[in-house]
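Trainee: Next comes the sequence, and after it the predicted model I'd like to discuss.
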Amino acid sequence: MASKAAQKRLAKEYINMQREPPPFVWAAPDEKNILTWNYLIRGPPDSPYAGGEYHGVLLFPAEYPFRPPGIKMYTPSGRFQPDKKICFSMSDFHPGTWNPAWSVSTILTGLLSFMLSDEMTTGSVTSSDSHKRALAAKSHSFNLTQARFKEAFADYCTPTLRDLPNMGEQERGKPDAPSSSTSQPANVTPFPNPSTLVVPKPQMVLKRTPGAPPPLAMNAGPAMPELHNPITHANKPPIPQGWAASWRQVIWEKWRWGVLIALAVIVSRITSTY
């Protein structure tokens, strides 16, 4: 019977397995016993196991995660003896090297890596690559004849192989479906790309003299905002606005011309005298 720590840990790991399954691996606990997990491994491309489907079991102790599980593979692979415990660093053959931080995903990823190697150990066999490819081609048909496979993976009892949740597309450079982990939170505004920014052009609004009728609008639409710092022509002074400024402008023009005329008269008299 599983301890409370084992039940809590394995329940959490099943949630993590569903959220982020490792490449080419899938596993689920037995409905009657959470300490027994059935797993599937799919042979990666460019390996002798390509196209293969390998069913096995993880046998967790009641003291998990403080003790490692036993590991078996049922499907003939040419790498491991069917239904025999496999000895490698994450199995119950090596409790001294076990790390409680390791999880189901870590164990199965390590098992797949060990399967792809040529290291010999207890539970392993030696065979040629051609023999492994032949077994890989027959692996799904073999699994369909096994009651344990049909009970554990009814959804995968199809005439042709069904892909696991993670078939390593991203690892091979192909984009996976978008996930919520890469999306931005709803309350965060993405930083804009400077090349896409559109700077609004400054708009000028003419002020009218108080009491004068409003000018006719050329086009119907919302009023344009008045600029705080309107840009003027470099060679012309700003045009004064308002009735008081208009009178000052008129007086200045008349006074300037009067001075010029007076100077011209004085100069002409001086010239005629001499």
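Mentor: Cool, got the structure.
Trainee: tell me the contacts of M167?
Mentor: Shown in contact with M167 (CB atoms under 8 Å, 6 or more residues apart in numbering): 23-24, 42. C-betas here are computed from N, CA, C, even on glycine.
Trainee: Turn these into a markdown table, columns for pLDDT and secondary structure.
Mentor: Below are those laid out as a markdown table (pLDDT from 0 to 100; DSSP: H, G, I helix; E, B strand; the rest coil):
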| residue | pLDDT | secondary structure |
| --- | --- | --- |
| P23 | 97 | coil |
| F24 | 98 | coil |
| R42 | 98 | strand |
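Trainee: And the contacts of stretch 128-147?
Mentor: Residues outside stretch 128-147 that contact it (CB under 8 Å, 6+ apart) are 43, 48-55, 74-79, 149-150, 153, 156-157, 160-161.
Trainee: what domains does the record give for this structure?
Mentor: Domains of the chain are assigned by automatic domain parsing as 4-175, 240-274.
Trainee: For the nearest residue to G123 once chain neighbours are set aside, the count of nearby residues, please.
Mentor: Once flanking residues are discounted, G123 sits nearest to I86: 4.0 Å by CB to CB, 6 or more residues apart in numbering. For I86, the count of nearby residues is 23 (other CB atoms under 10 Å).
Trainee: Who are the contact partners of I86?
Mentor: By CB under 8 Å, 6+ apart, the neighbours of I86 are 71-73, 80, 111, 114, 121-124.
Trainee: picking that back up, averaging pLDDT over each of the domains of the chain, which comes out lowest?
Mentor: Among the domains of the chain, domain 240-274 carries the lowest mean pLDDT, at a mean of 65.
Trainee: Who wins on neighbours among the contacts of M167?
Mentor: R42 (25 neighbours).
Trainee: show me what contacts that residue?
Mentor: Contacts for R42 (CB under 8 Å, 6+ apart) come out as 24-25, 52-54, 161, 163-164, 167.
Trainee: ok, the residue nearest to G123 to F80 distance?
Mentor: 6 Å (CB to CB, to the nearest Å).
Trainee: ditto for L10
Mentor: Distance, L10 to F80, by CB to CB: 24 Å.
Trainee: Compare these two (neighbour count), which wins?
Mentor: F80 (24 against 20).
Trainee: Quick check: closest non-adjacent residue to that one.
Mentor: In this structure, F80 finds its nearest non-sequential neighbour in M73, 4.7 Å apart by CB to CB, 6+ apart.
Trainee: Mean neighbour count, the domains of the chain: which tops it?
Mentor: Mean neighbour count (mean count of other CB atoms under 10 Å) peaks for domain 4-175 among the domains of the chain, with a mean of 16.
Trainee: Now, the contacts of R42 that are in helices?
Mentor: Assigned to helices by DSSP state H, none of these qualify.
Trainee: Redo those residues as JSON lines? Include distance to S141.
Mentor: Formatted as JSON lines, the contacts of R42 follow (distance: CB to CB, whole Å):
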{"residue": "F24", "distance to S141": "20"}
{"residue": "V25", "distance to S141": "21"}
{"residue": "G52", "distance to S141": "11"}
{"residue": "E53", "distance to S141": "10"}
{"residue": "Y54", "distance to S141": "13"}
{"residue": "L161", "distance to S141": "10"}
{"residue": "D163", "distance to S141": "17"}
{"residue": "L164", "distance to S141": "18"}
{"residue": "M167", "distance to S141": "20"}
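Trainee: Can you classify I71 by secondary structure?
Mentor: Going by DSSP: H, G, I helix; E, B strand; the rest coil, the secondary structure assigned to I71 is strand.
Trainee: Tell me who's in contact with it.
Mentor: Taking CB under 8 Å, 6+ apart, one finds 56-59, 85-86, 88, 90-92, 107, 111 in contact with I71.
Trainee: and with 10 Å instead?
Mentor: 39, 56-59, 80, 84-88, 90-93, 107-108, 110-111, 114, 123 (CB atoms under 10 Å, 6 or more residues apart in numbering).
Trainee: tell me which of the contacts of R42 is nearest to Y64?
Mentor: V25 (18.5 Å; CB to CB).
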